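Student: no sequence on this one, just coordinates:
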């Protein structure tokens, strides 16, 4: 009765053609590669575990499990948590209502759903040459045409280049921007540039996805208001609890027009059905019961010390021709070391110096053609002492032939002087 | 300098054309509509909250937060949890390895990622006329051509119809099947039909997505092995922790060939970056420490009593010409009441009788053209007494003109006799 089985191997199940090229994000490859114990890592963009509010979170979880009978049931997006998001948004200069807040399973899921909503087949999107690759990963199933604009190490996205594209007739489905605490560049867009980006979005009718994952981690006083505050009609704001509470909760949000929130909510049902209601309830209970301002101040204080340590260590140990950004928010310094192939350097750094970072090329939206001499250095997950030690070890690899010449501490691009 | 803003309202941000038709899933609409307190609800497919292992889960969460420093950090898929999945799969007759297990943010996310992997633009998919609408919701962004096959109330998917499609030259990107504890029909596919489905998949080279969310909730002895056990090459198995532990953990899995697991993992990074590592660790700690067999036996015992109560109540209170399925797994009875428009009945049931269910039409993949006289009745979330009470109230609405004629309890389609 049964005809002989065809010789198809399991991998021969027909799959969408574009998925043939799927390969691991460079970041995740490195995540696995660099998981060897004892490595001093400036690689991944992870918050410091010792700053997680573990005890307060455990108290909140216990409270939720004891007092909320539906805590482990399916659930609708939690209004209490949206109220907290509205309050957090006020810290970013954004006035919004709960109806404009859409809760997601983390910022990445927010980007994926926004991409699904905005990007039609054949559409164009604009990203910076150097940018967090999560947005392009999210858009991959939609296979858009990707246009890039350069970035400036002090001011972020090159708005002349963006305007030239728009004035030339391009009408991208979205422009992806990281105005505050840029990943990987460590830049923050000046207020005047934010106004210009907002104006361009409105003038040309092009939505900006504002990735503000690091916006609540500003170190030198209050950062300028988010672009969303300047142009609420054309800015779709993406926020995250990962960097300010803990990543494992997988909770983020979008601030968008209410009509769009409803569509996103339907798309989310198709994607993953439901919010992680236990994580949301616990997060809400945590925010109800703790002093959020004090918690954020504690994080900022610790990360400011780490950033300062990294800038001082770079000035002390990196070669004279190196340049780096001086972040006023976020978790990253971008360092350029002319003449050095940082992809090759990484293996030596891991094997000879026990230190890790991400080669700049990994963040290039143009297939790695730029950033070959750059390092993304995370400063959030190591102590100031570890930072001095690790940057010194990296510096020795970059100065193979002699002793390191100490430079004045705090020597920094943002001070207007390159380290030379 | 700034030209006047265009009159675009926020809702005028250009969005993908297909999203214009987005409307709430009927289920979610009803979720909101029917949230009024005091309603006796047979509507949603939720597990019983009082059977959630809340204390054991709380113990597991405390243990994880105390002993695992990375519990709230980003994390890779947890090997320990995949080991538990391999053990659960053995209970479904499936031999697999950890390399074939892909952990997801719930079964819905599994379907969405499988859809993204398998469905190319313009592709065809095959679903049953009556089926859980989550698969079609997941596929919506891909806009496939949807072909349907009928279902039999006793044996599930009509395999003659499926074979006719395949023999006629259709090569769908996937066939979506719910062989055990079908949602919404309450049917279970006999072992012989599973073998035939497996043969058809292999003969025509068409992958079957086997949604087995209810497979570990079998009530009359062990259910037959999953289709995956019969045809591991062409069956992509989707499992869920939602029905056997708790939905709020948002944890599910796929069993697929290892090469496909890797692609799914990359797609997942683009979709939501990371597993909810805290939920996964807590789930793993729960499974490490508790007697899973005893827990499943407790669930099965309670749900068997509820199913039996519903079948007896239907026999006692529903009209003589009604027919219903007799589920041996899952959470649903499908009842047909010839001549009754169950969509209209729902409003009366809620308003006059304080009882809720889902009208059959909501599950019809052909735009609601079938199922107009059917009710999906969930029996997992109400006690036997509530079930008798609620079905009696519904029965009075269906017999408006006179007293209910009691029928023998246990009168059931699966016994071979329709209730007439």
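Tutor: Structure's in. What do you need? What you are looking at is a predicted structure, and each value in this text was computed from that prediction instead of being measured.

Student: Residue A:19 - how many residues pack around it?
Tutor: The number of residues packed near residue A:19 is 18, by other CB atoms under 10 Å in any protein chain shown. For the C-beta atoms, the positions are set from N, CA and C on the backbone; glycine is no exception.

Student: no wait, residue A:291
Tutor: Counted with other CB under 10 Å, residue A:291 comes out at 11.

Student: If I look at it, what pLDDT would I see?
Tutor: Listed pLDDT for residue A:291 reads 94.

Student: cool, and residue A:141?
Tutor: Value for residue A:141, per-residue pLDDT: 89.

Student: just the one 5 residues further on next, same as before
Tutor: We have a pLDDT of 96 for residue A:146.

Student: Checking it next. Helix, strand or coil?
Tutor: strand (DSSP: H, G, I helix; E, B strand; the rest coil).

Student: can you tell me how far it sits from residue A:131?
Tutor: The gap separating residue A:146 from residue A:131 is 11 Å, by CB to CB, to the nearest Å.

Student: quick one: common contacting residues for those two?
Tutor: Shared contacts of residue A:146 and residue A:131, defined by CB atoms under 8 Å, 6 or more residues apart in numbering or on different chains, comprise residue A:365.

Student: who has more neighbours, these two?
Tutor: Taking neighbours as other CB under 10 Å, residue A:146 and residue A:131 compare with residue A:131 leading, 24 against 16.

Student: ok, which stretches of the stretch 251-400 of chain A are strands?
Tutor: A:252-255, A:323-324, A:332-336, A:355-356, A:358-359, A:374-378 (DSSP state E, counting those that start in this stretch).

Student: and the second one, what other elements does it pack with?
Tutor: What that stands for is strand A:323-324. Identification of packing neighbours for strand A:323-324 by 3 or more CB pairs under 8 Å, 6 or more residues apart in numbering or on different chains; DSSP states H and E yields strand A:332-336.

Student: 10 Å instead?
Tutor: helix A:292-317, strand A:332-336, strand A:374-378 (3 or more CB pairs under 10 Å, 6 or more residues apart in numbering or on different chains; DSSP states H and E).

Student: which of these sits most buried?
Tutor: strand A:374-378 (a mean of 28; mean count of other CB atoms under 10 Å in any protein chain shown).

Student: List the pairing partners of that strand within its sheet, with orientation.
Tutor: Sheet pairing of strand A:374-378 (DSSP bridges) gives strand A:332-336 (antiparallel), strand A:358-359 (antiparallel).

Student: Give me the distance from the last one to the chain's centre.
Tutor: When C-alpha coordinates are averaged (CA atoms, centre = their mean, to the nearest Å), strand A:358-359 and its chain have centres 15 Å apart.

Student: got it, and stretch A:191-205?
Tutor: 22 Å.

Student: Next: stretch A:177-192.
Tutor: So, by CA atoms, centre = their mean, the centroid of stretch A:177-192 is 11 Å from its chain's centroid.

Student: does chain B sit close to that stretch?
Tutor: No: for stretch A:177-192 and chain B, the contact criterion (CB under 10 Å from any CB of the partner chain) is not met; the two come no nearer than 12.1 Å.

Student: again with stretch A:79-92
Tutor: No: Stretch A:79-92 is not in contact with chain B by CB under 10 Å from any CB; minimum separation 12.5 Å.

Student: in that stretch, what's buried?
Tutor: Of the residues in stretch A:79-92, A:81-86, A:88-89, A:91-92 count as buried by neighbour count, 16 or more other CB atoms under 10 Å in any protein chain shown.

Student: ditto for stretch A:180-196
Tutor: Quick answer for stretch A:180-196 (16+ other CB under 10 Å): A:180-189, A:193-196.

Student: Stretch A:154-168 too?
Tutor: Applying 16+ other CB under 10 Å to stretch A:154-168 flags A:156-159, A:161-163, A:165-166 as buried.

Student: residue contacts, residue A:152?
Tutor: Going by CB atoms under 10 Å, 6 or more residues apart in numbering or on different chains, residue A:152 touches A:158-160, A:185, A:187, A:189, A:193, A:325.

Student: Including distance to residue B:215 and secondary structure, could the residues you listed go into a markdown table?
Tutor: A markdown table is the format used below for these (distance: CB to CB, whole Å; DSSP: H, G, I helix; E, B strand; the rest coil):
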| residue | distance to residue B:215 | secondary structure |
| --- | --- | --- |
| A:158 | 55 | coil |
| A:159 | 55 | helix |
| A:160 | 59 | helix |
| A:185 | 49 | coil |
| A:187 | 51 | coil |
| A:189 | 52 | coil |
| A:193 | 55 | helix |
| A:325 | 53 | coil |
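
Student: now, among these, which is nearest to residue B:398?
Tutor: residue A:189 (64.8 Å; CB to CB).

Student: For that closest one, give its distance to residue A:208.
Tutor: 11 Å.

Student: what's the overlap in contacts for these two?
Tutor: A:157, A:177, A:179, A:197, A:227.

Student: Which ones among these lie within helices?
Tutor: A:197, A:227 (DSSP state H).

Student: circling back: can you list the buried residues of stretch A:154-168 in a markdown table and add distance to residue A:260 and pLDDT?
Tutor: Formatted as a markdown table, these follow (distance: CB to CB, whole Å; pLDDT from 0 to 100):
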| residue | distance to residue A:260 | pLDDT |
| --- | --- | --- |
| A:156 | 25 | 95 |
| A:157 | 23 | 98 |
| A:158 | 28 | 98 |
| A:159 | 25 | 98 |
| A:161 | 28 | 98 |
| A:162 | 23 | 98 |
| A:163 | 25 | 98 |
| A:165 | 24 | 98 |
| A:166 | 22 | 98 |
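
Student: That'll do, ta.
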